[in-house]
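Q: Coordinates only, no sequence provided:
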């Protein structure tokens, strides 16, 4: 994926090339046109995950007409049929197996943004694409060559809260790894990976990856301070409010599932088969012991200690970053109640298959009681 400009033969225009093919003439005869085009802004919202990213995308896609009336284009190119984010653009950058050209390519995006308006892109999978820096740099170059000033928008969540939330989400997509093993990976490497996903926990590293691109700005916000008003906060970056896009209240998406469902996903992943009626009943009985799955206090303290230093950032080292609401240190985590999120029956250092043992035990009891009857 390469993007460059060259002077075209007509009216002194500038052609934009993508992968060696001429896409369109970006600028025309006067230098004033070039300067005006370069004043356009492209806000690239890259998540992170579990910071109401889908809520922002639902507002942006569902109210794209209202945004356009306010001079902000939320492009159609790259959005999935079943998801409001520009995931296909991120997947093209990272050469992800899920990429499909029919869902909109970078070339399609470049054609769509010829209108000259400001731009909003959003995909949490852009974070994964950052791990393919050369291709991401080419993508940024394409947008800058089209006259856009790049501004990354990054919401971050304290890691001790983020880890259990992202773990449960990935369990829904087939993860069978015990929480304790994921915790160790995060503590050792400041990230964990599943399939194509890269889930980073060192926000300094993330910021450094963003600042490696020339002439970009990074806007950092703290999810923890505005968990119920992220959409409103996101729109405020453009000088807009919910009412400007026809909304009266926040849009809330991806609400946590009941405990029972997460346990069913996890056990199904571990067993590699559908659960029996007795096993499902055992899960239901165990799930009645807690309102939600939580990381144990001991594990939370480990995470807080691991990222304490990297969460204390100096403005002098990131002069281009706006630290409007950056979480300086992780928030205190309330003590766990019910079962802890190692999916065992104790602290995070105990056997992670405890829940499996308990479910099998309950299931056997159910079968035995029916036989006795």
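A: Cool, got the structure. Values in this document were obtained by computation on a predicted structure and should not be read as measured data.

Q: for this structure, what spans make up the strands?
A: Counting by DSSP state E, one finds strands in the chain at the ranges 3-7, 14-18, 21-27, 40-45, 72-73, 118-122, 148-156, 191-194, 197-200, 216-222, 321-323.

Q: what comes up buried for the longest one?
A: Of the residues in strand 148-156, those buried under the neighbour-count criterion (16 or more other CB atoms under 10 Å) are 148-156. Placement of C-beta: from N, CA and C, glycine included.

Q: May I see the residues you listed organised as CSV, with pLDDT added?
A: Putting the buried residues of strand 148-156 into CSV (pLDDT from 0 to 100) gives the following:
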residue, pLDDT
148, 93
149, 94
150, 95
151, 95
152, 96
153, 95
154, 93
155, 94
156, 92
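
Q: Mind putting those into TSV with distance to residue 108?
A: Formatted as TSV, these follow (distance: CB to CB, whole Å):
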residue	distance to residue 108
148	16
149	22
150	19
151	22
152	22
153	22
154	25
155	27
156	31
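
Q: Of these, just say which sits nearest to residue 62.
A: Nearest to residue 62 among these, counting by CB to CB, is residue 153 at 18.6 Å.

Q: Check which residues of stretch 72-89 are buried.
A: 72-75, 77-80, 84-89.

Q: Tabulate those (a markdown table), appending pLDDT and distance to residue 128.
A: Formatted as a markdown table, the buried residues of stretch 72-89 follow (pLDDT from 0 to 100; distance: CB to CB, whole Å):
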| residue | pLDDT | distance to residue 128 |
| --- | --- | --- |
| 72 | 94 | 25 |
| 73 | 95 | 24 |
| 74 | 96 | 21 |
| 75 | 96 | 20 |
| 77 | 96 | 19 |
| 78 | 96 | 15 |
| 79 | 95 | 17 |
| 80 | 92 | 15 |
| 84 | 94 | 18 |
| 85 | 96 | 13 |
| 86 | 97 | 13 |
| 87 | 96 | 10 |
| 88 | 97 | 13 |
| 89 | 97 | 12 |
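
Q: Dump those residues to TSV, plus distance to residue 292.
A: Listed next are those as TSV, based on distance: CB to CB, whole Å:
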residue	distance to residue 292
72	36
73	39
74	33
75	37
77	38
78	34
79	31
80	29
84	26
85	26
86	31
87	28
88	33
89	34
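
Q: Among the residues you listed, which one sits closest to residue 193?
A: Distances from residue 193 to the buried residues of stretch 72-89, taken by CB to CB, are shortest for residue 87, at 17.6 Å.

Q: so who does that closest one touch?
A: Shown in contact with residue 87 (CB atoms under 8 Å, 6 or more residues apart in numbering): 78-80, 98, 123, 125.

Q: for these, which one is nearest residue 132?
A: residue 125 (11.4 Å).

Q: Tell me how many other residues crowd the closest one.
A: 24 (other CB atoms under 10 Å).

Q: ok, now residue 292?
A: 16.

Q: Give the closest residue to it in space, chain neighbours not counted.
A: The spatially closest residue to residue 292, leaving aside those adjacent along the chain, is residue 259, at 5.9 Å (CB to CB, 6 or more residues apart in numbering).

Q: wouldn't that neighbour be in contact with residue 294 here?
A: No: using CB atoms under 8 Å, residue 259 makes no contact with residue 294, being 10.0 Å away.

Q: re the thing from before, can you give me the separation between the residue nearest to residue 292 and residue 194?
A: The gap separating residue 259 from residue 194 is 21 Å, by CB to CB, to the nearest Å.

Q: Please say which of those two ends up with more neighbours.
A: Between residue 259 and residue 194, counted using other CB under 10 Å, residue 259 has the larger neighbour count: 22 against 17.

Q: Distance check, the more buried one against residue 193.
A: In terms of CB to CB, residue 259 sits 26 Å off from residue 193.

Q: How about residue 67?
A: From residue 67 to residue 193 the distance is 34 Å (CB to CB).

Q: who's more crowded, those two?
A: residue 67 (23 against 14).

Q: Touching, that one and residue 120? I think so.
A: Yes: contact criterion CB under 8 Å: residue 67 and residue 120 qualify, at 7.0 Å.

Q: Overlap of the contact sets of the two?
A: With CB under 8 Å, 6+ apart, residue 67 and residue 120 have common neighbours 60, 73-74.

Q: Narrow the buried residues of stretch 72-89 to those in helices?
A: 87-89 (DSSP state H).

Q: Reformat those residues into a markdown table and put distance to residue 47 next to each item.
A: Shown next, in a markdown table, are these (distance: CB to CB, whole Å):
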| residue | distance to residue 47 |
| --- | --- |
| 87 | 11 |
| 88 | 16 |
| 89 | 14 |
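
Q: Out of these, which comes closest to residue 111?
A: Of these, the one sitting nearest to residue 111 (CB to CB) turns out to be residue 89, at 13.2 Å.

Q: got the contact list for residue 151?
A: Residue 151 touches 41-44, 216-219, counting by CB under 8 Å, 6+ apart.

Q: Look up the residues forming beta bridges with it.
A: Taking DSSP bridges as the rule, residue 151 bridges to residue 43, residue 217.

Q: What's the separation between it and residue 196?
A: 26 Å.

Q: again, but for residue 301
A: For residue 301, the distance to residue 196 - CB to CB - is 31 Å.

Q: Apart from its chain neighbours, what residue comes closest to residue 92?
A: residue 99 is the one closest to residue 92 (CB to CB, 6+ apart), at 5.2 Å.

Q: How about residue 124?
A: residue 47 (3.4 Å).

Q: Cross-check the contact I'm expecting between that neighbour and residue 154.
A: Yes: at 7.4 Å, residue 47 and residue 154 qualify as touching, with contact defined as CB under 8 Å.
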